[in-house]
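1. I would like to see how this sequence folds:
(chains A and B)
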Number of protein chains: 2
Amino acid sequence: MSVFCYSNNQIQAIESAGVPVTDLLVQRGYGIFDFLRVAKEKPLFIDAHLDRFFNSAEIMRLNIPQTREDIKNIVAELIEKNKMPYSGIRMIIAGGDAPDGYTIEHPHLIIIQASLAEPTLKLPTTGIKLATYNYQRQIPEVKTTDYLMAVWLQPWMKQQGADDILYHHNGIISECPRSNFFLVTKENVLVTANSNMLNGITRKNIITVCKANNIQLEIRDLDLSEIKEAKEAFITSSTKRIIPVHQIDDVILKPNYAESLASNIYDLLVALEN
Amino acid sequence: MSVFCYSNNQIQAIESAGVPVTDLLVQRGYGIFDFLRVAKEKPLFIDAHLDRFFNSAEIMRLNIPQTREDIKNIVAELIEKNKMPYSGIRMIIAGGDAPDGYTIEHPHLIIIQASLAEPTLKLPTTGIKLATYNYQRQIPEVKTTDYLMAVWLQPWMKQQGADDILYHHNGIISECPRSNFFLVTKENVLVTANSNMLNGITRKNIITVCKANNIQLEIRDLDLSEIKEAKEAFITSSTKRIIPVHQIDDVILKPNYAESLASNIYDLLVALEN
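-> Numbers count the residues shown, from 1 in each chain, chains lettered A, B, ... in the order given. Alright, predicted model coming up:
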């Protein structure tokens, strides 16, 4: 059975959907996207994702004719047609055809759905290793399609024996390529970066549950040197909620996962989805 | 009549050629390209362009099954089929489908041809204005498809009354988004940047003709502060050969174009094409 996507202003089989070779997305890497998780046929936190998506579009001047309601309807139709109760939805705005190869004239919407394993009900108890890398994403507040560095660094990351990359700029931690980063200090204070990174929807949800549950949270510049003194660290994304981190470069963290702050917040995130 | 391109391992009509919505080029902006000019049905400096194209591909791990000879044959076939004696050829390597959304497995070649006005036989005698901008392209020695910043900055550039952007990084000049930059000092020495920019083929040709004609050339770091003292400035590209610059930010340059070093080098470049 064919998987359906939305492209060229219509629902169509994904195999037949292509971005024109003359598109700004293909020739100039000019596009944005957003990605949300579907659980039990429900697109999770779709309003927050659409807020961010339209904000990215505005900053990049990628105006499309579809409204928020149009997009919600297309997403609902795809979920129904594709029969994928647990999945990921990727909404892309491509720069579109530019006769002069440079000017944005006809941005267009693409929506893809792909099945996705549902994250576990409890926090995973095996952490991952991060390797730090000095790099600043361009236009970091926008979810652009620019993952040139992230994809390029994959072999380097594997050489480090790492599972993901932690970007910092001259020692100030920003984010991982597809996740936000959180650290728990010895004093049990949760800390996450303040600027030069993407405002993740799971990060936003964590801020919400911390406020509601009196969990001490600081949103501020986070220095690489603070890793050595950390009690816990974890990364967050819409796909995985939270993944604990057991090592960053040479620093090994040994939290008791079951009793960690990450585990506590994970349960609150699960509850928030229902 | 349809314009032909090369995509999906075949010559086909450009309207029917699309990059899959699941391609790394579409989802992660992962791709490289090269662009060369065709004059009188001859692809100019194609060996130099292919050297750079295969070097970009190697650095980005975008290996394709086509050889240099294969590509030359496809280019020749397109030139013959499209009947465009004066045109531009764009060769792209797209990252290809990645089942995990990240790993390079099936890069593929796309070649597009579009008609292009032939540059004038003599140097244009109206210069353009450049606006300087602090930015460093990522992986600058590779001609990636990442022009996110260049396209995004177009309205800013127009606000400055400028025709193009001159990138510098903390005061050290690198390049324009699609051109190399040259400056002529009061002592009549030609200077161009040394690092953190793309090795343009026209820049390479200028180095060649300078050596052959005893024109003094320095390839070194070039500071923004040197603009004030400059006698001439110009930008170079495969499309236009040389475009003189009459203003950079607030600094106005008033060369006698007809007797300028740019004009002298322009004539040498025209001769090199024959």
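2. ok, what's across the strand from the closest residue to chain B within chain A?
-> Closest residue of chain A to chain B, Cβ to the nearest Cβ: residue A:18 (1.9 Å). C-beta here means a position set from N, CA and C on the backbone, and glycine is covered the same way. Bridge pairing for residue A:18 (DSSP bridges) gives the partners residue B:20.
3. that one: how many residues sit nearby?
-> Residue A:18 has 22 neighbouring residues, counting by other Cβ atoms under 10 Å in any protein chain shown.
4. over to stretch A:99-113 now: how far is its first residue from its last?
-> 30 Å (Cα to Cα, to the nearest Å).
5. what's the offset of that stretch from the middle of its chain?
-> 22 Å (Cα atoms, centre = their mean, to the nearest Å).
6. same check on stretch A:37-49?
-> 13 Å.
7. next: stretch A:241-257.
-> Distance, stretch centre to chain centre, for stretch A:241-257: 20 Å (Cα atoms, centre = their mean).
8. could you do stretch A:182-189 as well?
-> On Cα atoms, centre = their mean, the centre of stretch A:182-189 falls 23 Å from that of its chain.
9. if we can go back for a sec, got the contact list for the residue of chain A closest to chain B?
-> For residue A:18, the contacting residues are A:7, B:17-21, by Cβ atoms under 8 Å, 6 or more residues apart in numbering or on different chains.
10. nearest to residue A:184 among those?
-> residue B:21 (39.2 Å; Cβ to Cβ).
11. now the closest one: closest residue in space, sequence neighbours ignored.
-> Spatial nearest neighbour of residue B:21, chain neighbours left out: residue A:17 (4.9 Å); criterion: Cβ to Cβ, 6 or more residues apart in numbering or on different chains.
12. hang on, the earlier thing: just among the contacts of residue A:18, which is most surrounded?
-> residue B:19 (26 neighbours).
13. distance check, it against residue B:162.
-> 32 Å (Cβ to Cβ, to the nearest Å).
14. ok, now residue A:260?
-> 53 Å.
15. repeat for residue A:172
-> Distance from residue A:172 to residue B:162, counting by Cβ to Cβ: 32 Å.
16. before we move on, back to that, wait, the residue nearest to residue B:21 touches residue A:8, no?
-> Yes. Contact criterion Cβ atoms under 8 Å: residue A:17 and residue A:8 qualify, at 7.0 Å.
17. what residues does the stretch 101-250 of chain A put near chain B?
-> Residues of the stretch 101-250 of chain A lying close to chain B (Cβ under 8 Å from any Cβ of the partner chain) are A:102-104, A:110, A:112, A:135, A:138-139, A:144-152, A:154-155.
18. so which of these are in helices?
-> Under the assignment DSSP state H, those contribute A:148-152, A:154-155 to helices.
19. which one of these is nearest residue B:82?
-> Distance to residue B:82 across those (Cβ to Cβ) is lowest for residue A:148, with 30.8 Å.
20. surely residue A:183 is in contact with residue A:232?
-> Yes. The pair residue A:183 / residue A:232 is scored as a contact, 7.3 Å apart, by Cβ under 8 Å.
21. low-confidence ranges in chain A?
-> A:1 (pLDDT under 70).
22. still on that earlier bit, ok, residue A:172 and residue B:162, which is more surrounded?
-> Taking neighbours as other Cβ under 10 Å, residue A:172 and residue B:162 compare with residue B:162 leading, 20 against 17.
23. quick one: contacts for the closest residue to the more buried one other than its chain neighbours?
-> Nearest residue to residue B:162 in three dimensions, chain neighbours excluded: residue B:131, at 3.7 Å (Cβ to Cβ, 6+ apart). By Cβ under 8 Å, 6+ apart, the contact set of residue B:131 is B:156-157, B:160, B:162, B:164-166, B:248-249.
24. let me know the secondary structure of residue B:131.
-> Three-state call for residue B:131 (DSSP: H, G, I helix; E, B strand; the rest coil): strand.
25. thinking again about what came up before, the contacts of residue B:131 in helices, which ones?
-> Per DSSP H, helices hold the following members of these: B:156-157.
26. among the contacts of residue B:131, which pair sits farthest apart?
-> Of all pairs in the contacts of residue B:131, the most separated under Cβ to Cβ is B:156 and B:248 at 15.6 Å.
27. I'd say residue A:33 and residue A:147 touch.
-> No. Here residue A:33 does not reach residue A:147: they are 10.1 Å apart, not a contact under Cβ under 8 Å.
28. please enumerate the shared neighbours of the two.
-> Residues touching both residue A:33 and residue A:147 by Cβ under 8 Å, 6+ apart: residue B:27.
29. all helices in the stretch 151-274 of chain A, in order from the N-terminus.
-> For the stretch 151-274 of chain A, the helices defined by DSSP state H, counting those that start in this stretch occupy A:154-159, A:201-212, A:261-272.
30. which one of these lies closest to residue B:211?
-> Nearest of these to residue B:211, taken as Cβ to Cβ: helix A:154-159 at 37.4 Å.
31. list the buried residues of the closest one.
-> residue A:157 (16 or more other Cβ atoms under 10 Å in any protein chain shown).
32. contact partners of it?
-> Contacts of helix A:154-159 (Cβ under 8 Å, 6+ apart): A:131, A:133, A:163-165, B:61, B:102-103.
33. show me the strands in the stretch 151-274 of chain A, by range?
-> A:164-169, A:172-175, A:180-184, A:190-192, A:217-219, A:232-237, A:241-248, A:251-252 (DSSP state E, counting those that start in this stretch).
34. what about residue A:217, how many neighbours?
-> The burial count for residue A:217: 17, using other Cβ under 10 Å.
35. same question, residue A:227
-> 22.
36. list the contacts of it.
-> A:183, A:233, A:248-249, A:251.
37. which PyMOL command selects the buried ones in those residues?
-> A single PyMOL command selects the buried members of the contacts of residue A:227 (16+ other Cβ under 10 Å):
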select buried, chain A and resi 183+233+248+251
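38. of all the contacts of residue A:227, which two lie farthest apart?
-> Taking Cβ to Cβ, no two of the contacts of residue A:227 sit farther apart than A:183 and A:249, at 13.7 Å.
39. tell me the spacing between residue A:188 and residue A:259.
-> Taking Cβ to Cβ, one finds residue A:188 at 12 Å from residue A:259.
40. repeat for residue A:166
-> 24 Å.
41. so between those two, which is more surrounded?
-> Counted by other Cβ under 10 Å, residue A:166 and residue A:259 do not tie: residue A:166 has more neighbours, with 23 against 9.
42. the more buried one and residue A:128, how far apart?
-> According to Cβ to Cβ, residue A:166 stands 11 Å off from residue A:128.
43. kindly reformat the contacts of helix A:154-159 as CSV containing distance to residue B:12.
-> Below are these laid out as CSV (distance: Cβ to Cβ, whole Å):
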residue, distance to residue B:12
A:131, 43
A:133, 40
A:163, 41
A:164, 39
A:165, 38
B:61, 27
B:102, 29
B:103, 28
